[in-house]
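Engineer: need coordinates for the below:
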Amino acid sequence: MKMWESVKCLQFFCGRLDFVHTVLDRKFKFMNGLSKTNCLVLKECFRYVQHDAKFRKLCKEYDVVVDSDCLRYDICSYFQVIM
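Structural biologist: As a prediction, the model looks like this:
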C-alpha cells in the first residue's frame, strides 16, 4: 500500500476497528454497563442520557436498540457495511 491510501481495508481484514468505531464501541459498552448496574443513581443517569437528542441520533445512526435491561448493538457489522 502507498502512504496516502486509506488503511481501513487493512484494519478490517486484520479484524480491527478504526479509531472512530473503537471509540463508539467503548461508548456503547459504557452505556450498556450503566443500564445494567444495580446502583439506582447510575440507572437514573442512564435514563437521562437515554432521552438525550444526541444519544438518540447516535443510536439511530448505528442501529442501536435500547431495551429495558441492555443495549443491543454491533459496531463491527456497521464497519463492515461501509467497507
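Engineer: would you map the helices across this structure?
Structural biologist: 8-13, 19-36, 40-50, 53-61, 75-82 (DSSP state H).
Engineer: show me where pLDDT drops low in the chain?
Structural biologist: In the predicted model, the chain carries pLDDT under 70 at residues 1-6, 12, 68-70, 74-83.
Engineer: returning to that earlier point: residue 67 is nearest to which of the helices of the chain?
Structural biologist: With CB to CB as the measure, helix 19-36 is the member of the helices of the chain nearest residue 67 (8.3 Å). For glycine as for every other residue, the C-beta is placed from the backbone atoms N, C-alpha and C.
Engineer: and the angle for that closest one with helix 40-50?
Structural biologist: 130 degrees (axes from the mean of the first three to the mean of the last three CA atoms, to 10 degrees).
Engineer: reformat the helices of the chain as JSON lines; add mean neighbour count and distance to residue 67.
Structural biologist: JSON lines is the format used below for these (neighbours: other CB atoms under 10 Å; distance: least, CB to CB, whole Å):
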{"stretch": "helix 8-13", "mean neighbour count": "14", "distance to residue 67": "29"}
{"stretch": "helix 19-36", "mean neighbour count": "15", "distance to residue 67": "8"}
{"stretch": "helix 40-50", "mean neighbour count": "12", "distance to residue 67": "11"}
{"stretch": "helix 53-61", "mean neighbour count": "12", "distance to residue 67": "12"}
{"stretch": "helix 75-82", "mean neighbour count": "14", "distance to residue 67": "17"}
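Engineer: perfect, I'm done here.
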